[in-house]
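Colleague: Fold the stuff below for me.
(one chain, ligands or ions: 2)
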Amino acid sequence: MSTTDRSSSWRRRAEERLSDAGYRRGGARTVLLDLLDEQRCARTVLEMEDDLRASDRAVGRASIYRVLDELEQLHLVQRIEVGQGIARYERIAPDHHHHHLVCQRCGAVVPFTDEGLEQAIHRLSDGAGFEVTGHDVVLHGACAACREAAATGA
Ligand SMILES: [Zn+2]
Ligand SMILES: [Zn+2]
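Modeller: Ligands and ions are numbered 1, 2, ... in the order given. Have a look, this model is predicted:
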């Protein structure tokens, strides 16, 4: 079976790094790579488990954690802490670059991009004589729905 042309650059890089690190292809690893590649933003392990079950690709929770851990160590996946011990995961890819607003009350995550922010980060890293190979920005607070609920005492 050949790799389809549709596979993303992230997907190809992930397979390369996994194989360089001595991991075998197939099974839960392949399923998780597919899923992460489809995701538009960070999701929790429970959400991923549900997605996989709903699309007939069920993978046990322990395997999901194990594979995410491998991918995180290989810098292929980013983990975002959203409070209450819950984490969300998404792929790290140049074509998927964005940052996150995280609601500390309900755990909602809203992706955002901002050209001015990117420029400021480059200016800052240049000024510090740093070669920055990656960055992620997480803004913590309360989302609109939670602020509204707090305001009305709901
Ligand atoms: Zn995201
Ligand atoms: Zn909220």
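
Colleague: Could you report the neighbour count for whichever residue of the chain sits closest to ligand 1?
Modeller: Taking C-beta to the ion, ligand 1 has its nearest neighbour within the chain at residue 41, 3.4 Å off. To be clear about C-beta, it is placed using only N, CA and C from the backbone, and glycine gets the same treatment. Neighbour count of residue 41, defined by other C-beta atoms under 10 Å: 13.

Colleague: does ligand 1 sit close to the strand or helix carrying residue 31?
Modeller: Secondary structure from DSSP states H and E places residue 31 in helix 27-38. No. Helix 27-38 lies out of reach of ligand 1 by C-beta under 5 Å from the ion, never closer than 11.2 Å.

Colleague: Point out the other helices and strands that that helix packs with.
Modeller: Under the contact criterion of 3 or more C-beta pairs under 8 Å, 6 or more residues apart in numbering; DSSP states H and E, helix 27-38 touches helix 9-20, helix 45-54, helix 61-73, strand 87-91.

Colleague: Could you give the bridge partners of the nearest residue to the residue of the chain closest to ligand 1 once chain neighbours are set aside?
Modeller: Using C-beta to C-beta, 6 or more residues apart in numbering and skipping the chain neighbours, the partner closest in space to residue 41 is residue 111 (4.7 Å). Beta bridges link residue 111 to residue 100, judged by DSSP bridges.

Colleague: Quick check: residue 111 vs residue 79, distance?
Modeller: The gap separating residue 111 from residue 79 is 15 Å, by C-beta to C-beta, to the nearest Å.

Colleague: Now tell me what touches stretch 45-63 from outside.
Modeller: The contact list for stretch 45-63, computed with C-beta atoms under 8 Å, 6 or more residues apart in numbering, reads 27-28, 31-32, 34-35, 43, 64-65, 68, 87, 89.

Colleague: same question, stretch 27-41
Modeller: Counting by C-beta under 8 Å, 6+ apart, 7-8, 10-11, 14-15, 18, 23, 48, 51-52, 57, 59-60, 63-64, 66-68, 70-71, 77, 89-91, 98, 100, 109, 111 sit against stretch 27-41.

Colleague: same thing with stretch 117-127?
Modeller: With C-beta under 8 Å, 6+ apart, stretch 117-127 has contacts from 99, 131-132, 135, 137.
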